[in-house]
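> I need the structure of the sequence given here:
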Amino acid sequence: MKMFMGLGGGETCRVCAKRVYFAEQVKSFNEYYHKTCFRCVSCNRTLTPGQNSEHENEPYCKRCYTGSFGPHGFRGGSTGGLMGVTSTSDFVTKKRKAS
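Have a look, this model is predicted:
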């Protein structure tokens with residue numbers, strides 16, 4: 001029985017280091033995963049190939065990637081409550097009216 005161990009092909013899962021057979025494999029960024037092992041390293045959400053991002057060779061869901069490594073400042077286009085403010089004086093005026 002020992003002589004058959006290690007036969008049968010398959011890649012190694014990047015997360016659990018066990019063999020991943022074709023029927024259960026997920027490939028993303030040239031790495032292989034079990035479907036159940038392919039999760040966001042930040043929130044642990046199950047990922048889908050093509051719907052994920054990578055940072056320093058680790059998989060992230062789009063939400064965690066954008067929050068951690070995406071553009072900062074307005075947070076993806078949010079105005080942070082400054083709608084209609086066109087200059088600094090408008091901001092000061094709106095702030096005084098709100099108080």
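
> tell me the helices and strands packed up against the strand or helix carrying residue 59.
Using DSSP states H and E, the element containing residue 59 is strand 58-61. Secondary-structure packing of strand 58-61 (3 or more C-beta pairs under 8 Å, 6 or more residues apart in numbering; DSSP states H and E): strand 52-55. In short, each C-beta sits where N, CA and C put it, glycine included.

> what are the pairing partners of the strand it packs on, and which direction each?
Sheet pairing for strand 52-55, assigned by DSSP bridges, gives strand 58-61 (antiparallel).

> buried stuff in the partner strand?
59-61 (16 or more other C-beta atoms under 10 Å).

> and the contacts of it?
Outside strand 58-61, the residues within contact range by C-beta atoms under 8 Å, 6 or more residues apart in numbering are 28-29, 33, 38-43, 45, 47, 51-54, 68-69.

> which among those residues count as buried?
Neighbour-count burial (16+ other C-beta under 10 Å) is assigned, among the contacts of strand 58-61, to 28, 33, 38-40, 42, 47, 52-53.

> nearest to residue 22, of those?
residue 33 (12.9 Å; C-beta to C-beta).

> leaving out the residues flanking it, which one is nearest to that closest one?
residue 26 (4.7 Å; C-beta to C-beta, 6 or more residues apart in numbering).

> next, count neighbours for the one you found.
By other C-beta atoms under 10 Å, 21 other residues sit near residue 26.

> ok, now residue 37?
Around residue 37 there are 19 residues (other C-beta under 10 Å).

> who touches it in this structure?
By C-beta under 8 Å, 6+ apart, the contact set of residue 37 is 13-16.

> widest-spaced pair of those?
Greatest spatial distance in those: 14 and 16, 8.3 Å, computed using C-beta to C-beta.

> more neighbours: which of these two?
For residue 14 versus residue 16, neighbours defined as other C-beta under 10 Å are more numerous around residue 14 (20 against 12).

> what helix or strand does that one sit in?
Per DSSP H and E, there is no helix or strand for residue 14.

> distance of it from residue 48?
Residue 14 sits 16 Å away from residue 48, going by C-beta to C-beta, to the nearest Å.

> please apply the same query to residue 30.
In terms of C-beta to C-beta, residue 30 sits 17 Å off from residue 48.
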